[in-house]
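K.L.:
sequence first, then the predicted structure, then my questions.
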Amino acid sequence: MNKPRALGPPHLQHHHTPCTRTHQIGALLLAVATFFLTRLFDHAFAPCSTAAAIGRDGARDSAVARLDGGGGSLAWPSGGHGTRLSLRIYVYEEDEVDGLRALLSGRDGRISPESCVKGQWGSQVKIHRLFLESRFRTRKKEEADLFFVPTYVKCVRMMGGLNDKEINRTYVKVLSQMPYFRFSGGRNHIFVFPSGAGAHLFQSWATYINRSIILTPEGDRTDKRDSSAFNTWKDIIIPGNVDDKMTSETVVQPLPLRKRKYLANYLGRAQNKVGRLRLIELAKQFPDKLECPELKFKGPDKLGRQEYFEHLRDAKFCLAPRGESSWTLRFYEAFFVECVPVLLSDQVELPFQNAIDYKKISIKWPSSRIGPELLEYLESIPDKLIEEMIANGRQVRCLWVYAPESNPCSATNAILWELQRKVRYFHQSTETFWLHNGSFVNRDLIEFSKWRPPMPLP
């Protein structure tokens, strides 16, 4: 039998030892050992900010992206975010664009930020102030990744500073004076709409800012509109604005479970909404289990904030049904009195879903099944499990607080992480063109640096 010839020049030819079964087993063991050692070193030296989202099957048994010691640094999921915050945000000044001041303080300029920062819509003011002080703020438009357009239109409208037509007309006027808005088609511009109306406060939103990034607590308005203004791929759900006294001073201390009088409560108006009306009727049937008082928010018998939270803390579960819109501030408030929130709003969208496992901190129940079955279910949950959900909620609730970004766990930092996912290296729109020399031009071949307002909007 002929032996196979050695290939290659003689000085590269080697005499090989036959490969035995012992050699094969040794090679396999070496490969397995190399794999596990590599994984070990990867985990040992990986930066904490690249932690995976928590609470998923097979991941850490926690409710939120890792928080060191509950109040330490926040490790946001790395997928699509990067390993550290690195973005530049330009904040438009109120006198920089004609009309912007009116969207902040009304036609007469008499509405102050202090009057707008109160209440559940105060996030519009807080986010503006936090971005003004942010270390990621840039004063150079040409180096900005994103542009923040500050407006307080919900407050301005509520206080009679502008009517709907004036708001719409002023928005269009403002946008037509922003070259960078036209340059990107609005894709890199950020707007805050802090109420249940969402972007519908700007009646022509679908025409002008349908590509922009919208920060809003509201993910659905299909009950009164043909379509929702929220787009899960470009917009960001933000927490409602919880009273500062509850988030910072904790004026009302939580009660031990054994001292709570009720199984559940609902504190709010009926507003002729089916789910809320069902809860009111259910409370009449089971007054010892469900507290649902007739609350007054005006006049001499108006319920004060402290009394409201004292009521809220007196139950194990805080029921949060849909009202005029799908989101409800009661969901966020429940965490600060350590009451497990029960969502009864089918279309609700919640903030920071890529980092928080909501089934570990809350319950969502079908609104069509509000009745004795709901109370029976809640009553069946052992106190031990309720305590675990409350403990998880303590870890998460810092993400509902609009604190300075120096606070590692805050709504501010969470929003910045979410915004980082929206940053694009390249910008274009239907009215933006580019040439071989790297210059950007409009449809009339006018270079971007020479674009002058007012400009036709994309």
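P.N.:
Perfect, thanks for sending it. Quick caveat: nothing in here was measured; it's all calculated off a predicted structure.

K.L.:
can you give me the helices for the stretch 251-400 of the chain?
P.N.:
Remark: helices assigned in the stretch 251-400 of the chain by DSSP state H, counting those that start in this stretch are 274-285, 305-312, 329-336, 372-379, 383-396.

K.L.:
in terms of mean pLDDT, which of those ranks lowest?
P.N.:
Sorting the helices of the stretch 251-400 of the chain by mean pLDDT places helix 305-312 lowest, at a mean of 87.

K.L.:
which other helices and strands contact that one?
P.N.:
helix 329-336 (3 or more Cβ pairs under 8 Å, 6 or more residues apart in numbering; DSSP states H and E). Just so you know, the C-beta spots here come from the backbone N, C-alpha and C atoms, and that holds for glycine as well.

K.L.:
hmm, who's touching the helix it packs on?
P.N.:
Helix 329-336 has contacts (Cβ atoms under 8 Å, 6 or more residues apart in numbering) with 120, 239-243, 246-247, 250, 267-268, 309, 312, 318-320, 340-341, 343, 348, 350, 361-362, 393-394, 396-397, 400.

K.L.:
circling back: could I get the helices of the stretch 251-400 of the chain as TSV with distance to residue 439?
P.N.:
Formatted as TSV, those follow (distance: least, Cβ to Cβ, whole Å):
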stretch	distance to residue 439
helix 274-285	57
helix 305-312	56
helix 329-336	48
helix 372-379	63
helix 383-396	48
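
K.L.:
closest one to residue 85 among these?
P.N.:
helix 383-396 (19.9 Å; Cβ to Cβ).

K.L.:
the helix or strand that the closest one is followed by - contacts with which helices or strands?
P.N.:
As assigned by DSSP states H and E, the chain's next helix or strand after helix 383-396 is helix 411-420. Packing partners of helix 411-420 (3+ Cβ pairs under 8 Å, 6+ apart): helix 123-132, strand 236-237.

K.L.:
the residue nearest to residue 95 when sequence neighbours are not counted is in what secondary structure piece?
P.N.:
Distance criterion Cβ to Cβ, 6 or more residues apart in numbering; nearest residue to residue 95, sequence neighbours excluded, is residue 101 at 6.5 Å. Secondary structure assignment for residue 101, by DSSP H and E: helix 100-105.

K.L.:
cool, and residue 94?
P.N.:
Using DSSP H and E, residue 94 sits within no helix or strand.

K.L.:
burial count for it?
P.N.:
Counted with other Cβ atoms under 10 Å, the neighbours of residue 94 add up to 17.

K.L.:
output the lowest mean pLDDT helix or strand found in the chain.
P.N.:
Lowest by mean pLDDT, DSSP states H and E among the helices and strands of the chain is helix 21-45, with a mean of 56.

K.L.:
residue 136 is in contact with residue 143, correct?
P.N.:
No: shown here, residue 143 and residue 136 do not form a contact pair, counting by Cβ atoms under 8 Å, at 11.6 Å.

K.L.:
any common contacting residues for those two?
P.N.:
residue 88.

K.L.:
more neighbours: the two, which one.
P.N.:
Using other Cβ under 10 Å, the more surrounded residue of residue 143 and residue 136 is residue 136, with 17 against 9.

K.L.:
wait, that one touches residue 415, no?
P.N.:
No: with contact defined as Cβ under 8 Å, residue 136 does not count as touching residue 415 (11.1 Å).

K.L.:
overlap in contacts of those two?
P.N.:
By the contact definition Cβ under 8 Å, 6+ apart, residue 136 and residue 415 are jointly contacted by no residue.

K.L.:
hang on, the earlier thing: which positions within the helix holding residue 101 qualify as buried?
P.N.:
For helix 100-105, burial by neighbour count (16 or more other Cβ atoms under 10 Å) applies to 100, 101, 102, 103, 104, 105.

K.L.:
buried residues in the next helix or strand after that helix?
P.N.:
Of the helices and strands lying after helix 100-105 in sequence (DSSP H and E), the nearest is helix 113-116. Neighbour counts over helix 113-116 (16+ other Cβ under 10 Å) mark 113, 116 as buried.

K.L.:
swap in stretch 119-139?
P.N.:
In stretch 119-139, counting by 16+ other Cβ under 10 Å, buried: 119-128, 130-131, 134, 136, 138.

K.L.:
show me what contacts residue 149?
P.N.:
Contacts of residue 149 by Cβ under 8 Å, 6+ apart are 92, 100, 174, 178, 189, 190, 191.

K.L.:
for stretch 430-445, output the C-alpha coordinates as CSV.
P.N.:
Output of stretch 430-445 as CSV, limited to C-alpha atoms (Å, rounded to 0.1, in the frame of the first residue of the first chain):
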residue,chain,number,x,y,z
THR,A,430,-37.1,64.6,2.1
GLU,A,431,-35.8,68.2,1.8
THR,A,432,-32.2,67.5,2.5
PHE,A,433,-29.6,66.7,-0.2
TRP,A,434,-25.9,66.2,-0.3
LEU,A,435,-23.1,66.7,-2.9
HIS,A,436,-19.8,65.1,-3.7
ASN,A,437,-17.9,67.7,-1.7
GLY,A,438,-19.7,66.8,1.5
SER,A,439,-22.0,69.8,1.6
PHE,A,440,-25.7,69.6,2.4
VAL,A,441,-28.1,71.6,0.3
ASN,A,442,-31.9,72.1,0.0
ARG,A,443,-34.0,71.5,-3.1
ASP,A,444,-32.8,74.8,-4.6
LEU,A,445,-29.2,73.7,-4.1
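
K.L.:
give me the residues contacting that stretch.
P.N.:
Counting by Cβ under 8 Å, 6+ apart, 182, 183, 184, 185, 428, 447, 448, 451, 456, 458 sit against stretch 430-445.
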